[in-house]
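[1] Mind folding the following:
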Amino acid sequence: MDKLKKFFLRKDVVFTMQRYGIDALGAMAQGLFCTLLVGTILNTIGQQFGIAFLNQVIVTIGSGEGAASYTIGGLASAMVGPGIAIAIGFALHCPPMVLFSLIPVGFAANAMGGAGGPLSVYFVAIVAAECGKLVSKETRVDILVTPIVTILAGIGFAWLVAAPIGAAAAAVGDFVKWATVLQPFFMGILVSVVIGVALTLPISSAAICAALGLTGLAGGAAVAGCCAQMVGFAVMSFRENRWGGLVAQGVGTSMLQMPNIVKNPRIWIPPTLASAITGPLATCLFHLEMNGAAVSSGMGTCGFVGQIGVYTGWVNDIAAGVKTGITAMDWIGLVLICFVLPAVLSTIFCQILRKWGWIQENDLKLDL
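    Below is the predicted model:
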């Protein structure tokens, strides 16, 4: 047993929540962002501004009725499986031969996983990466053994679990969306608070939303919760962090506050209360829906991806004939839910807690 532990340690195969629950999940979100999300944004820009080279087909695979044509954005989106797999492999410190072998593994797992493809890739890529690491440089024919083991282990595991994982993830996502439509007030609060908290925690809210396919009203509530955390922390900590902190948290990530939250968990109350208010307002009053890429539901105001996702959804709905046009109420709802209300509500709640002595001076100070 000791020899096995030493072998695993030498191979950097470490079974910890930090490695798989935080590092790998965060990498999954980055892989999603660089493929599916960027591809969706490029397609939207091309369609809305009539940019020819973004709308032009650059690759056609197959022929006849089964042919698939891709624009630049479409091709980027189609690479979501390999993108996630490589990102996870990088986070798990895979050597080059293992890392590159994850490309076909990710593609296969995403395809086999169906609607829950990203979550399937997450599990399959971890198994394939760790198997590849265990055999890497252990033989004289490493150039053959490492990629073969990585690919066979990954695709074999995907063949066993990808479809069930995908079906389970899709079922959970469908249930959340159904429950949100059925009970928009209570589910608006629940989804907004939970996804918002996940965004600030050192895990990936974007990956969670993508894995569950969180769109529609539930996606709108998720956007509200994420924006409440990011904008809330950015504005209520302005006196300590000034403009640098405003941009870093408001357009970057509220995760920067985690060290301060550990020191004083009460600073988390204002943006969380704000999300509990903006969530049901999004679902019940403004009927804010995220019908763009599901990963956008968990991005909040990070690079304004959440807002771009909502706008992309509007465009898609108009193209599908589901929506007649973008109304003034749509824009008002988006601005209020994503920016104005989180800023106002978080500031008010923060001031109350400062008067009570629950939040002290510099409790929100960032080391920027």
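[2] Can you give me the neighbour number for Asn55?
    16 (other Cβ atoms under 10 Å). For the C-beta atoms, the positions are set from N, CA and C on the backbone; glycine is no exception.
[3] ok, now which ones touch the closest residue to it other than its chain neighbours?
    Once flanking residues are discounted, Asn55 sits nearest to Gly46: 4.6 Å by Cβ to Cβ, 6 or more residues apart in numbering. Counting by Cβ atoms under 8 Å, 6 or more residues apart in numbering, Gly46 touches 53-55, 71-73.
[4] which of the residues you listed are buried?
    Neighbour-count burial (16 or more other Cβ atoms under 10 Å) applied to the contacts of Gly46 gives 54-55, 71-73.
[5] quick check, nearest of those to Ile165?
    For the buried ones among the contacts of Gly46, the residue nearest Ile165 by Cβ to Cβ is Gly73; the value is 26.9 Å.
[6] Quick check: that closest one touching Ile41?
    Yes - counting by Cβ atoms under 8 Å, Gly73 does reach Ile41; the two are 7.3 Å apart.
[7] And Ile61, its phi and psi?
    phi -110, psi 130 (degrees, to the nearest 10).
[8] which of the residues in stretch 152-162 are buried?
    153-158, 161-162.
[9] what's the answer for stretch 297-307, then?
    297-302, 305-307.
[10] Just the pLDDT for Gly196.
    Gly196 is assigned a pLDDT of 93 by the prediction.
[11] Ala228 versus that one, what's the distance?
    5 Å (Cβ to Cβ, to the nearest Å).
[12] Give me the common contacts of the two.
    In contact with both Gly196 and Ala228: 271-272, 275, using Cβ under 8 Å, 6+ apart.
[13] Of those residues, which is the most crowded?
    Ser275 (33 neighbours).
[14] Report the mean per-residue pLDDT for the helix or strand containing that one.
    Assessed by DSSP states H and E, Ser275 sits inside helix 269-280. What helix 269-280 shows for mean pLDDT is 97.
[15] what's the answer for stretch 157-168, then?
    92.
[16] Outside of that stretch itself, list whatever touches it.
    Under the contact criterion Cβ under 8 Å, 6+ apart, stretch 157-168 has outside partners 105, 108-109, 112-117, 119-120, 123-124, 127-128.
[17] For the residues you listed, I'd like a selection string for PyMOL - just the buried members, please.
    In PyMOL, this line selects whichever of those come out buried by 16+ other Cβ under 10 Å:
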select buried, resi 105+108+109+112+113+115+116+117+119+120+123+124+127+128
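[18] The contacts of stretch 157-168 in helices, which ones?
    Secondary structure from DSSP state H places 105, 108-109, 112-113, 117, 119-120, 123-124, 127-128 of the contacts of stretch 157-168 in helices.
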